[in-house]
Every structure is written in C-alpha cells, then in structure tokens.
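Asker: Quick check, what structure comes out for this input:
(one chain, ligands or ions: 2)
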Amino acid sequence: MLEPVLQGLRAMSKPRESLQWNRHMEVPTKNEQYSDTPAGARPVAETDIRKIVVINGKGGCGKTTVATNLAAWYAAQGYHPALFDHDPQTSSMRWLKCRLPEMPRVHGVATQERQRPSVTRSWHLRIPSESRRIISDTPAGLAGLDIADHVQGAHCILIPVLPSAIDIEAGADFIRDLLLLGKIRRSGIQVGIVANRIKHNTLALQSLERFLDSLGIPVVARFRDTQAYVHAAEQGLGISELRSGRAARREAQEWDRLLQWVERVMEQTEVRQPPVGFGSRR
Ligand SMILES: Nc1ncnc2c1ncn2[C@@H]1O[C@H](COP(=O)(O)OP(=O)(O)O)[C@@H](O)[C@H]1O
Ligand SMILES: [Mg+2]
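Answerer: Ligands and ions are numbered 1, 2, ... in the order given. Prediction:
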C-alpha cells in the first residue's frame, strides 16, 4: 500500500538531470547529447570537438557556400558535423533540406527558428554525441559585440571575401573589428581568409593580399567563380560531391587544401574557455 507513495518520493528526491548548455562551444552537456550512431559507438569527448566559424559582415560573399561545403566535406570524412545556421534567412538549412538521405549525414541546427514551447532552448540546440566538428554559418550585418558573440569558443575562423574594391574595403573594416572585439590574437584563434569568386589574379585581389599580409592573416584558399557552386547548392551537395565537371574537380582540390589547413591549425588548439565578459545571446 505504502510502496507507490515511497516510489513517488524516491523519484522526487532524485537529482534532476542537468540542463546546462555549454554555450560558448555550442556543445551540449552529456545529458543533452543524443546519439544516432549504432549502439556501442563511443561518444566523442568534448575535448575532441572543434568549432569553425564562417563570418563576414557582408552578405553574398560566400559564408553559406563555405559553411555548407565544409559540412559536406566533414560528413564524407566521418566527422559527423553539426551545421549551425545563425542566419534568419536559414540558407544553410535550406541547403540541408535538399540533401538526399543517402548522402553522408550533416546534422543541422537552425538557431533562429522558432522553438516549440514544449522544447527547451538547449534541447533545440543539441547535437549528436558523435559530432566532432561544429560549423557555424553567420548572418550578414554583424558589427560590434555581435561579432565577439559569434566567434566565442571558435577554434578557427574563416572569412570569405569577394575580390572587388568595395568588398575588400568592407572586409578590411570587418577584420579590424574582429581582431579588436573578438580578442582573437589574445585567445590564439586562427583566422584564415577565403578569397571567393576570383576570376584571375586581379589588381583587387593583389591589394587584398597586401592588406592581409600587413596583418599577418593568411589567404588560405582561392575559389573560382563557377556555376558548379550553384549546381552543388541546389542539390544539397558540397562541390567535392559533384561527380562531374572539370571546374568542380579543380575546385575540389582547393577545398582539400583548405581543409588540410583547417585541420592542421586545429590540431594545435585546445578546447578554450570563453573570453570573460561576453554574454551569449545565441
Ligand atoms: N565561388 C562561387 N562561384 C559562383 N557562385 C558562388 C560562389 N560562391 C558563392 N556563390 C553564389 O553566390 C551566392 C551568395 O553566396 P552565399 O554563400 O549565399 O553568401 P552569404 O552566405 O555570404 O550571403 C549564392 O547564390 C552562391 O551559390
Ligand atoms: Mg548566408
């Protein structure tokens, strides 16, 4: 007779599972990770997870293109990537919806999507326990402390820049803000520029490279202007997954080079603590 009451009391006195979210890493605490790997697969330790942020205040420079191509590449390499889309336009999530289920899986998280009232924010942002790479696609128009907020906890930052005079000027302002506000140098986060949609070795590109040289920031990839990116995006693919086309093959080699650079710099990083003083609104 008493047993059901005692059971109820025991359940009530059990410590509640922590629902804390390790916001700066976008890495859920153990209780919030879930697994879609076969039973017995080892969950990935938090220390194995690396975060790459693709960012530039300018729209249309290739942030989503870089983020989705990274996600596709990591998926093919077995890193179980999680792609975070912080842009209210949700272009990365639209790309993911076009991706066929038989392709290597990318886990998508739309941080700007309205949540169901029954779901906690941290549950909404959870990632599979086997994810080893987090890729963060960011919105245009970021300035000031919003930049700092978005790069918090990053191990590597990629900034796509178009090689036109206007874009280079805007890119230069953005990089200055990033270095200043994101405390990048102090925290040792690696920054690389991705020169996107280049046609030839234009004067604009040369001036971009001179400017970056003066800051000691490397141009880590140069992607050409080719419709192959548009075709890949329409199918939810990365350029390396396109089966045909000379342009796609040539670009795929450049992606391999970029990813090798990213992985090399991340090998040298440790999981960081968040810089003090930055709240997280994500
Ligand atoms: N190297 C490229 N060659 C051709 N088209 C590109 C290239 N990079 C991006 N695009 C196209 O340019 C548009 C804007 O790119 P996107 O990645 O969405 O920019 P952002 O996310 O910075 O706004 C998209 O239609 C994309 O397919
Ligand atoms: Mg975008």
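
Asker: rest of the way, CA atoms for contacts and neighbours
Answerer: Fine.

Asker: What parts of the stretch 1-150 of the chain come near ligand 1?
Answerer: Residues of the stretch 1-150 of the chain lying close to ligand 1 (C-alpha under 6 Å from any ligand atom) are 59-65.

Asker: May I ask which of these has the most neighbours?
Answerer: Counting neighbours by other C-alpha atoms under 10 Å, Lys63 leads these with 29 neighbours.

Asker: Excluding sequence neighbours, find me the nearest residue to that residue.
Answerer: Once flanking residues are discounted, Lys63 sits nearest to Val54: 5.8 Å by C-alpha to C-alpha, 6 or more residues apart in numbering.

Asker: List the residues that contact that neighbour.
Answerer: Residues near Val54 by C-alpha atoms under 8 Å, 6 or more residues apart in numbering: 63-64, 66-67, 135-138, 157-160.

Asker: hmm, 7 Å instead?
Answerer: Val54 makes contacts with 63, 67, 136-138, 157-159, as judged by C-alpha atoms under 7 Å, 6 or more residues apart in numbering.

Asker: May I see the buried residues of the helix or strand containing Leu205?
Answerer: Assigned by DSSP states H and E, Leu205 falls within helix 203-215. Going by neighbour count (16 or more other C-alpha atoms under 10 Å), the buried part of helix 203-215 is 204-205, 208-209, 212.

Asker: now stretch 151-169
Answerer: Quick answer for stretch 151-169 (16+ other C-alpha under 10 Å): 151-164, 167-168.

Asker: farthest-separated two in the residues you listed?
Answerer: Greatest spatial distance among the buried residues of stretch 151-169 (C-alpha to C-alpha): Gly153 and Ser164, at 30.7 Å.

Asker: that older thread, can you list which of the residues of the stretch 1-150 of the chain next to ligand 1 are found in helices?
Answerer: Judged by DSSP state H, the subset of those located in helices is 63-65.

Asker: out of everything not next to it in sequence, what's closest to whichever residue of the stretch 101-250 of the chain sits closest to ligand 1?
Answerer: In the stretch 101-250 of the chain, the residue that lies nearest ligand 1 is Asp225 (3.5 Å; C-alpha to the nearest ligand atom). Excluding the flanking residues, the one nearest Asp225 by C-alpha to C-alpha, 6+ apart is Arg197, at 3.9 Å.
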